[in-house]
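# Predicted model follows, preceded by the sequence.
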Amino acid sequence: MKGGSSLLLLLMAMILLAGGAVFIGPVSEPSWTIIQEIRLPRVLLAIIVGVGLAGAGAVLQGILRNPLADPFILGTSSAAAAGVILAGVLGFQHYSALYFMSLSFALLSIFVVYRIAQFNGKTPVQTLILAGVIVNLFFNAAVFLCFSIFFRESYTVLFYLLGTLTEGDWGLIGISGTIILFGLVFTWLFSRELNILTQGEATAFHLGVNVGRAKKLLFIASSAMVAAAVAVAGLIGFVGLIVPHMMRMIVGPDHRVLIPASALGGAIFLILADSLARILVPPLEIPVGALTALIGSPYFVYLLRKRHQSGKF
C-alpha cells in the first residue's frame, strides 16, 4: 500500500508540474502556437527522457548492486551520443539509422566496460565504475573531436552535446517514447530477478535465476532506454544516479516499486531542471545537461565519501 500510495503521489506531482511547465518561459503570455509547437513537445520530451534515464539507472544499480552506477558514469550515454554524431557524419538521415547507431554504440560501451573490468572471471564493482569512467572519457573525446572537425559552426549540435530538450520533432519524440516505454515495462517484468540479484549472483543462481541471461537482457533493455533518450536529448548526465538513489530512500529497494518510482521521479526532476534552465538567465537558456551535471557532480562526490566511510568502496 505504501508503494502504491507513493507512486500515485509521484504521478500526480508529475502531472501538476508538467501542466505548470507549459506556461514557464521567457514569454510570460505565450500564444497557443508557442505552447503547442515549442513548450508542449519540450515538456513531453522531459518526461520521456527523465523516465528513460532514471529507469535505466535503477536497473543498472540493481544489476551491479551499487548506487554509484549510472548510464552517464558507465559511458553508455557518451557512447550513444557518439553513435548519433557518427550517423550525422556519415550522412544517415533516416530515423532507423539514428537509433540503430545510438543503440549499437551503447551496447558496445557496456561490453567494453565489462571486458576492461573483468579479471580472472570476476568483475569487482569498483573496477567496473573506474572502467566506465575511462570509457566515458574516451567516447566524450571522440564526440568532441567529431564536433570540432565536422560541426564546429553548428550551435544546434553544441547544444545537443551539452544536453537539451529543444528537439520538437514529433516523430523522434514518438519513437523514443515507444522504445523507453517498452524498455521500462520489460525491465519491470524482471523485478523479481533484480531483487534476487541484489543479494549476490551466487544466491540468485541457487534460487533458480538464470543470472547470465537475466543480466544480458536487462543490460540490453536499459541500454535501449538510454540510447532512445540520448538520440533526442543528447548528454544529460546524473539523472540515472540521483533519482533512483532518492527513490530508494522513499519507497525502498523493491524493484517492483523502485523502477516505476524512479521513472516518475526522473520525469519530475527533468521537468524542474528544464524549467530552471529556461528562466535562470533570461532571455538566454542554459543547456539542461549542464544544469543536471552541476547538481549531480557534488551528489556523486557525496555518495563516494559516504560509501568510503562505510567501508564499501
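Alright, I've got the coordinates.
# S78 and Q93, how far apart?
23 Å (CB to CB, to the nearest Å). Heads up, the C-betas are built off the backbone N, CA and C, glycines and all.
# between those two, which one's more packed in?
For S78 versus Q93, the count of surrounding residues by other CB atoms under 10 Å is larger for S78: 29 against 9.
# That one is in contact with I134, isn't it?
No: at 11.1 Å, S78 does not count as touching I134 under the criterion of CB atoms under 8 Å.
# The residue nearest in space to the middle of the chain: what's its closest spatial neighbour, skipping adjacent residues?
Centrality entry for the chain: nearest residue to the mean C-alpha point is L53, 2.0 Å, by CA atoms, centre = their mean. In space, and not counting its chain neighbours, L53 is closest to V239: 4.1 Å by CB to CB, 6 or more residues apart in numbering.
# In contact with the one you found, which residues are there?
Listed by CB atoms under 8 Å, 6 or more residues apart in numbering, the contact partners of V239 are 49-50, 53-54, 57, 72, 266, 269-270, 292, 296.
# any idea how far it lies from D274?
Here the distance between V239 and D274 works out to 11 Å (CB to CB).
# A106: which element?
If you go by DSSP states H and E, A106 is part of helix 95-117.
# State the distance from A117 to L218.
Separation of A117 from L218 (CB to CB): 17 Å.
# quick one: the helices in the chain?
Secondary structure of the chain (DSSP state H): helices at 2-21, 32-34, 40-64, 76-89, 95-117, 125-150, 155-162, 170-189, 191-197, 201-206, 211-233, 239-251, 255-279, 288-309.
# from those, which stretch is densest packed?
The highest mean neighbour count among these, using mean count of other CB atoms under 10 Å, belongs to helix 40-64: a mean of 28.
# Quick check, pLDDT for T123.
Per-residue pLDDT puts T123 at 68.
# again, but for F313
pLDDT at F313 comes out at 49.
# cool, and I295?
Looking at I295, its pLDDT stands at 86.
# Quick check, it in contact with L241.
No: proximity of I295 to L241 does not meet the contact threshold set by CB under 8 Å, at 10.2 Å.
# Check which helices and strands the helix holding A106 sits against.
On a contact count with 3 or more CB pairs under 8 Å, 6 or more residues apart in numbering; DSSP states H and E, helix 95-117 meets helix 76-89, helix 125-150, helix 170-189, helix 211-233.
# Let's see that helix as PDB, backbone CA atoms only.
What follows is the C-alpha trace of helix 95-117 in PDB, where atoms were taken according to Å, rounded to 0.1, in the frame of the first residue of the first chain:
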ATOM      1  CA  TYR A  95      15.300   7.600 -38.000                       C
ATOM      2  CA  SER A  96      16.100   3.900 -38.100                       C
ATOM      3  CA  ALA A  97      19.800   4.600 -38.800                       C
ATOM      4  CA  LEU A  98      19.900   7.100 -36.000                       C
ATOM      5  CA  TYR A  99      18.500   4.800 -33.400                       C
ATOM      6  CA  PHE A 100      20.500   1.800 -34.700                       C
ATOM      7  CA  MET A 101      23.800   3.700 -34.300                       C
ATOM      8  CA  SER A 102      22.800   5.000 -30.900                       C
ATOM      9  CA  LEU A 103      21.800   1.600 -29.600                       C
ATOM     10  CA  SER A 104      24.800  -0.200 -31.100                       C
ATOM     11  CA  PHE A 105      27.300   2.200 -29.500                       C
ATOM     12  CA  ALA A 106      25.500   2.000 -26.100                       C
ATOM     13  CA  LEU A 107      25.700  -1.800 -26.200                       C
ATOM     14  CA  LEU A 108      29.400  -1.600 -27.300                       C
ATOM     15  CA  SER A 109      30.200   0.600 -24.300                       C
ATOM     16  CA  ILE A 110      28.700  -1.900 -21.900                       C
ATOM     17  CA  PHE A 111      30.600  -4.800 -23.500                       C
ATOM     18  CA  VAL A 112      33.900  -2.800 -23.400                       C
ATOM     19  CA  VAL A 113      33.400  -1.700 -19.800                       C
ATOM     20  CA  TYR A 114      32.800  -5.300 -18.800                       C
ATOM     21  CA  ARG A 115      35.900  -6.600 -20.700                       C
ATOM     22  CA  ILE A 116      38.100  -4.000 -19.100                       C
ATOM     23  CA  ALA A 117      36.900  -4.600 -15.600                       C
END
